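Q: Let me see the structure of the following:
(4 chains)
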Number of protein chains: 2
Amino acid sequence: MFFRSNGSTGLCYSCPNRHFRFCKSLLNGSSAEFDAHAVKNIAVIAKQYLYRQGDMNNELLVLREGWVMLTRVSDDGKRQVFRSVLPGELLGFQQHFHGPAIYSAIALVDSVLCKVPNSVEYYSTQPELALSLATSEACDKMLTEMYLGNITHRKARERIAFMALEIYHRLMLRGLNNEYTIQFPLKQEDIADTLGLTTIHVNRTLHAFRDEGVLQIHKHQLTILDYEVLYALAGSRFEFGPI
Amino acid sequence: MFFRSNGSTGLCYSCPNRHFRFCKSLLNGSSAEFDAHAVKNIAVIAKQYLYRQGDMNNELLVLREGWVMLTRVSDDGKRQVFRSVLPGELLGFQQHFHGPAIYSAIALVDSVLCKVPNSVEYYSTQPELALSLATSEACDKMLTEMYLGNITHRKARERIAFMALEIYHRLMLRGLNNEYTIQFPLKQEDIADTLGLTTIHVNRTLHAFRDEGVLQIHKHQLTILDYEVLYALAGSRFEFGPI
DNA sequence: TTAAAAACTTAACCTGGATTAATTTTTTTT
DNA sequence: AAAAAAAATTAATCCAGGTTAAGTTTTTAA
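A: Got it, this is the predicted structure:
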């Protein structure tokens, strides 16, 4: 299915994410406390912040549908985009359950999230779920390391190619692509702040990609026009990524 | 104590790391299987690889003493240094317990590591330990995110200042500093491959820092000469880091 | 102890991408 | 539908850091 419709809520049993990652562990678990019939859904509209850096409202969430972006503004006012959270992925776990958030989470499109248990006490009785938290963190870490490796030493064209292909790949694994087209709500400024480039240079490079028939972003849709060329530029780094 | 002597082995009860991170959880745990009297120590000499990217020997290790560096060589032959593993830190956990390693681990000085349990089955009965794995991964992730934020958009002087201060800070929390001096086994090339710079430019910048009385690296020792200036350059980003 | 290799250093030149400054197009709000 | 705000686009100039090419010093191996 392409571009799930927004606004769905309800049971885990009908959720497209139920076989993946944290949800899978949650539903397979033996906890009497977790009731898949009473999952609390949180609906947010586009541009709404789930929380901001420094906030203490530490909820643990799984994105059911939509798109969430994690950003942090540093002392000098520059903004770093850490990553996009895609459907099925966990959001909000950190070293200290009740410490301040180190980054902000913003919904880029209308989204639905599910609250999952978020206390040390709960996970202290659920080893498989605690292990699933560890796996989720390991996946995030790997993704961040991939971006670190991509940005360090590589040129603008390669960075952008990598990012496009990485996100395409991650959405494809969830069946959220339509051939070579995906939903893509990031602005050029978001790409720039992810990859350490200026908006102007992102614009120049995207324009060149379009002229060359490599990649096109139009009306919040990204289309891969020449997979081979993009793949060669990206360097297949995205393939060692997490599921 | 400054620069622990190498070669010590033995029980957890006398280990300086016993109150930190994963070791703490391991010793506080209720597992009959884990015997702190029979910890398997692994001694490696400088320049020895613990494992290489692609290897399947998936051991879970805690660095008892020494210094381990994580690196990955990509398709195009460029090397990315991901991070340094310092005493007390966990090493080797990944999404799939038995998948190939995505990076190599090399000891930069003579080091001692401790094997800790590494099976899904084990952690499936030890919720607190599984949660400690999750916390460890969250710390690594945060550190990687800090470096991502540092490298993206910032200039060479700031990147190097950040790295020096971050490593100094992390060692200081373990009591492994001597005033403003720390052991520092990284070569200029390692700094370059960590920060996305050339060796030549790292050399230029370090030289300038020495001339300006900011920072000095000599004979594998790093000395902070002007903490204030270094702190101003680094932008206090390292302070939100993990313990 | 000497030879070889690795690491560090310095200088000259060059380029990818930043900066600055508009303008146009699209989206959102009224 | 008009006004305002946000996002995308284009062009001109500039510089931080890359590249190339030698050195020199330090470390390691023979």
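
Q: quick one, phi/psi of residue A:80?
A: Per-residue torsions, residue A:80: phi -110, psi 130 (degrees, to the nearest 10).

Q: any idea how far stretch A:22-37 is from the chain center?
A: 22 Å (C-alpha atoms, centre = their mean, to the nearest Å).

Q: and that stretch with chain B, contact?
A: No: Stretch A:22-37 does not reach chain B (C-beta under 8 Å from any C-beta of the partner chain); its nearest approach is 10.9 Å. Quick note: C-beta positions are derived from backbone N, CA and C, even for glycine.

Q: Identify the residue nearest the geometric centre of chain A.
A: In chain A, the centroid-proximal residue (C-alpha atoms, centre = their mean) is residue A:85; its distance is 1.7 Å.

Q: Phi, psi for that residue please.
A: phi -100, psi 120.

Q: Pull the contacting residues for it.
A: Contacts of residue A:85 were listed using C-beta atoms under 8 Å, 6 or more residues apart in numbering or on different chains, and they are A:63, A:67, A:68, A:69, A:70, A:91, A:105.

Q: How about the residues of chain A by DNA strand D?
A: Taking C-beta under 7 Å from any atom of the strand, the part of chain A that reaches DNA strand D is made up of A:187, A:188, A:189, A:199, A:200, A:203, A:204, A:206, A:207.

Q: what number of residues lie near the third one?
A: The burial metric for residue A:189, expressed as a neighbour count using other C-beta atoms under 10 Å in any protein chain shown, is 14.

Q: Give me the nearest residue to it, chain neighbours excluded.
A: residue A:199 (4.9 Å; C-beta to C-beta, 6 or more residues apart in numbering or on different chains).

Q: Residue A:186 is in contact with the one you found, correct?
A: No: contact criterion C-beta atoms under 8 Å: residue A:199 and residue A:186 do not qualify, at 11.8 Å.

Q: ok so, going back, and the residue nearest to the residue nearest to the centre of chain A when sequence neighbours are not counted, how many residues sit next to it?
A: Distances taken as C-beta to C-beta, 6+ apart put residue A:68 closest to residue A:85, at 4.0 Å, once the chain neighbours are dropped. Residues within reach of residue A:68, counting by other C-beta under 10 Å, total 23.

Q: Check the one 5 residues further on too.
A: Residue A:73 has 14 neighbours, counted by other C-beta under 10 Å.

Q: Let me know whether it touches residue A:53 as I believe.
A: Yes: here residue A:73 reaches residue A:53: they are 7.1 Å apart, a contact under C-beta under 8 Å.

Q: what is in contact with those two at once?
A: Common neighbours of residue A:73 and residue A:53 (C-beta under 8 Å, 6+ apart) are residue A:104.

Q: helices and strands around the lengthiest helix in chain A, which ones?
A: Across chain A, the helix with the greatest residue count (assigned by DSSP state H) is helix A:127-151. For helix A:127-151, the contact count by 3 or more C-beta pairs under 8 Å, 6 or more residues apart in numbering or on different chains; DSSP states H and E identifies helix A:21-28, strand A:79-85, helix A:120-123, helix A:156-172, helix A:188-195, strand B:79-85, helix B:120-123, helix B:127-151 as packing neighbours.

Q: And the next helix or strand past the first one?
A: Right, helix A:21-28. As assigned by DSSP states H and E, the chain's next helix or strand after helix A:21-28 is strand A:41-44.

Q: and that following strand, average pLDDT?
A: Strand A:41-44 carries an average pLDDT of 92.

Q: In a markdown table, list the residues of chain A next to DNA strand D along with pLDDT.
A: Conversion of those to a markdown table gives the following (pLDDT from 0 to 100):
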| residue | pLDDT |
| --- | --- |
| A:187 | 97 |
| A:188 | 97 |
| A:189 | 97 |
| A:199 | 97 |
| A:200 | 97 |
| A:203 | 97 |
| A:204 | 96 |
| A:206 | 97 |
| A:207 | 96 |
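
Q: just the buried members of those?
A: Buried residues within the residues of chain A next to DNA strand D, counting neighbours by 16 or more other C-beta atoms under 10 Å in any protein chain shown: A:188, A:206.

Q: I'd like the residues of chain A next to DNA strand D as a markdown table, with distance to DNA strand C appended.
A: As requested, the residues of chain A next to DNA strand D are exported to a markdown table (distance: C-beta to the nearest atom of the strand, whole Å):
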| residue | distance to DNA strand C |
| --- | --- |
| A:187 | 10 |
| A:188 | 12 |
| A:189 | 12 |
| A:199 | 8 |
| A:200 | 4 |
| A:203 | 9 |
| A:204 | 8 |
| A:206 | 13 |
| A:207 | 13 |
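
Q: out of the residues of chain A next to DNA strand D, who's nearest residue B:171?
A: Ranked by distance to residue B:171 (C-beta to C-beta), the residues of chain A next to DNA strand D are led by residue A:189 at 37.3 Å.

Q: that's a strand at residue A:50, yeah?
A: Yes: counting by DSSP: H, G, I helix; E, B strand; the rest coil, residue A:50 is part of a strand.

Q: Please tell me how far it sits from residue A:149.
A: Using C-beta to C-beta, to the nearest Å, one gets 28 Å for the distance from residue A:50 to residue A:149.

Q: What spatial separation is found between the closest residue to residue A:222 other than its chain neighbours and residue A:94?
A: Take residue A:222 and drop its neighbours on the chain: the residue closest to it by C-beta to C-beta, 6+ apart is residue A:184, 3.7 Å away. According to C-beta to C-beta, residue A:184 stands 28 Å off from residue A:94.

Q: what does residue A:152 give?
A: In terms of C-beta to C-beta, residue A:152 sits 24 Å off from residue A:94.

Q: more neighbours, the two?
A: The neighbour comparison of residue A:152 against residue A:94 (other C-beta under 10 Å) goes to residue A:152, with 24 against 20.

Q: What score does that one have for pLDDT?
A: pLDDT, residue A:152: 93.

Q: What is the worst-scoring helix or strand of chain A on mean pLDDT packed up against?
A: Lowest by mean pLDDT, DSSP states H and E among the helices and strands of chain A is helix A:21-28, with a mean of 86. In this structure, helix A:21-28 makes packing contacts with helix A:127-151, judged by 3+ C-beta pairs under 8 Å, 6+ apart.

Q: so the helix it packs on versus helix A:21-28, what angle?
A: Computed with axes from the mean of the first three to the mean of the last three C-alpha atoms, to 10 degrees, the direction of helix A:127-151 lies at 170 degrees from that of helix A:21-28.

Q: Next, the residue nearest to residue A:189: phi, psi?
A: According to degrees, to the nearest 10, residue A:199 has phi -50, psi -40.

Q: Contacts only, for it.
A: If you count contacts by C-beta under 8 Å, 6+ apart, then residue A:199 has A:188, A:189, A:192 around it.

Q: Can you tell me how far it is from chain B?
A: 12 Å (C-beta to the nearest C-beta, to the nearest Å).

Q: cool, residue A:104 as well?
A: Taking C-beta to the nearest C-beta, one finds residue A:104 at 13 Å from chain B.

Q: circling back: shouldn't the residue nearest to residue A:85 be in contact with residue A:108?
A: Yes: counting by C-beta under 8 Å, residue A:68 sits close enough to residue A:108 to count as a contact (7.1 Å).
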